[in-house]
Structure formats: structure tokens, C-alpha cells
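# Quick one: sequence plus predicted model below, questions after.
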Amino acid sequence: MNMKSFDTNGEFAKNYKFLIGSILPRPIAVVSTVNENGTNNVAPFSFFTAVSAKPMIIAFSPMIKSSTGEMKDTPRNIFREKEFVVSFVSEEIIDQINTTSVELPYGEDEFKLAGLTPIDSDIVKAKRILESKIHFECIYRDHLSYGDEPGCGQIITGEVVKVHINEDLLDSGRIDTSKFKPVGRGAGNDWILCDHLIQRERLMQKQIQK
């Protein structure tokens with residue numbers, strides 16, 4: 001097998017291309033915040049993961065805008081308001097969530113553009129997405145920044161203080177993946193359906209020794 005190898009100190013676009021082509025499928029955090037003028041902001045981020053179960057912490061990583069070299073609206077709002085909501089994507093709302101990735105002038109409402117329905121949260125001011133089946137209300141915890149140039153990223157963590165789950169997804173207290181129908185992001189314009197599941201039992205140490 002021939003391997004292509006390269007150093008990562010060149011153009012960020014080249015690194016980005018191989019990041020999104022290698023880390024697959026990537027879960028999507030649809031993050032809603034409140035703009036300075038009180039309107040709603042919502043945007044998808046596929047650099048997203050769980051960090052801690054208790055306290056319940058999640059993290060996502062917005063990058064500096066390649067188009068303007070400025071910080072994206074979502075972190076700008078989070079650093080001011082100290083809160084946000086993460087909603088999750090299922091097959092039924094792919095097109096609407098994809099529409100929220102459009103860069104609108106600051107202060108314009110992506111909920112309206114995408115035809116999504118904002119609903120009140122219980123604890124934070126940021127809105128939840130009615131059409132999404134799972135919502136996390138989050139309080140900003142901390143962040144790390146890796147620079148201010150286009151392509152530079154940052155990690156933003158939030159403590160999940162309230163969880164909302166469509167009861168139709170639940171089976172014996174767990175989320176049934178086949179009912180949830182989650183999707184992930186791939187390289188370029190690819191989206192990935194999670195409709196082909198396999199199971200493997202996690203082996204215990206005694207089983208491995210046998």
C-alpha cells in the first residue's frame with residue numbers, strides 16, 4: 001500500500017480537507033444563541049464531541065471565518081451571553097439544518113431562513129429547535145483558542161443543565177438509534193445516514209484471557 005505523506009505547516013485549507021475526509025462520520029451540534037439585538041442565531045458545527053458525564057459537559061470547535069478572518073457569530077454570542085442550546089440532527093431535517101450554515105449578516109435570524117420553529121428553553125434564553133428530537137440546554141464553561149487567523153480553531157465547552165428528548169425515541173430508558181435516525185457529516189458536501197447498524201459485545205478481561 002502506497003501512502004501519501006505531508007507536513008501540516010502549509011495552507012490551512014489542505015489540512016482542513018484531510019481532517020474532514022478522515023474523521024468520519026462527524027456528529028453535528030446545531031448551536032442556537034441569542035444575538036446582541038435579541039434575534040436568534042443558529043448554526044451547525046461538525047467538530048463536536050462529549051467530554052464528561054457528570055458534570056455533563058460537551059464541546060464543539062468553531063473556526064475563524066475563512067471569508068473574513070473574523071470570529072463566527074456563535075462564539076461571539078456565547079462569550080457575551082454565557083449560554084447556548086445544542087439541538088441534534090435527524091434525517092427529517094437535513095435540508096433545513098444545511099440551510100442554517102449560510103453566512104447571514106450578524107443579527108439576521110437563521111431560524112426564519114431555514115423554516116425552523118424556535119421554542120423557549122427552560123433555563124437559558126437561547127431557543128430550542130422544535131423539529132429536532134433532542135435538545136441540550138448549556139451553560140458556557142470555558143474555551144481554548146488556537147489563534148486568530150483563518151483556519152484557526154477553538155474549543156468551547158458547555159455544561160448541559162437540561163436535556164429534552166422526544167419520548168418516541170426511548171426504549172427501556174435508552175435512545176433507540178433506529179428511531180432517532182441521526183446523521184453525520186462527511187467530506188465536502190457529504191452527509192452520512194446512520195441506517196446500517198452492527199453490534200459487537202465489549203469483551204471483559206476474563207474473556208480476553210480465555
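Structure's in. What do you need?
# hey, where'd the strands end up in the chain?
Using DSSP state E, the strands of the chain run over 29-34, 40-45, 48-53, 56-60, 83-87, 118-119, 128-129, 134-145, 154-165, 170-171, 174-175, 183-185, 191-193.
# Can you add distance to Q209 and mean pLDDT and give those strands back as CSV?
C-beta: built from backbone N, CA, C; applies to glycine. Shown next, in CSV, are the strands of the chain (distance: least, Cβ to Cβ, whole Å; pLDDT from 0 to 100):
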stretch, distance to Q209, mean pLDDT
strand 29-34, 40, 98
strand 40-45, 42, 97
strand 48-53, 29, 98
strand 56-60, 35, 98
strand 83-87, 41, 98
strand 118-119, 52, 98
strand 128-129, 48, 98
strand 134-145, 39, 98
strand 154-165, 38, 98
strand 170-171, 33, 96
strand 174-175, 30, 96
strand 183-185, 36, 97
strand 191-193, 37, 97
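# CSV please, covering those strands and showing distance to T100.
Listed next are the strands of the chain as CSV, based on distance: least, Cβ to Cβ, whole Å:
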stretch, distance to T100
strand 29-34, 7
strand 40-45, 5
strand 48-53, 15
strand 56-60, 14
strand 83-87, 10
strand 118-119, 12
strand 128-129, 9
strand 134-145, 15
strand 154-165, 18
strand 170-171, 27
strand 174-175, 23
strand 183-185, 13
strand 191-193, 14
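# Just give the nearest non-adjacent residue to I139, would you?
The shortest distance from I139 to any non-neighbouring residue, by Cβ to Cβ, 6 or more residues apart in numbering, is to E159 (4.9 Å).
# remind me, longest helix of the protein?
Ranked by residue count, the top helix of the chain under DSSP state H comes out as helix 12-22.
# center of this structure, which residue is that?
Central residue of the chain (Cα atoms, centre = their mean): A29, 1.7 Å from the mean position.
# beta partners for that one?
F45 (DSSP bridges).
# neighbours around F12, how many?
Other residues within reach of F12 by the criterion other Cβ atoms under 10 Å amount to 18.
# what's near enough to touch the residue lying closest to I192 once chain neighbours are set aside?
The shortest distance from I192 to any non-neighbouring residue, by Cβ to Cβ, 6+ apart, is to P25 (3.9 Å). Counting by Cβ atoms under 8 Å, 6 or more residues apart in numbering, P25 makes contact with 183-186, 192, 194.
# cool, and K133?
Listed by Cβ under 8 Å, 6+ apart, the contact partners of K133 are 88, 90, 165-166, 168-169, 180.
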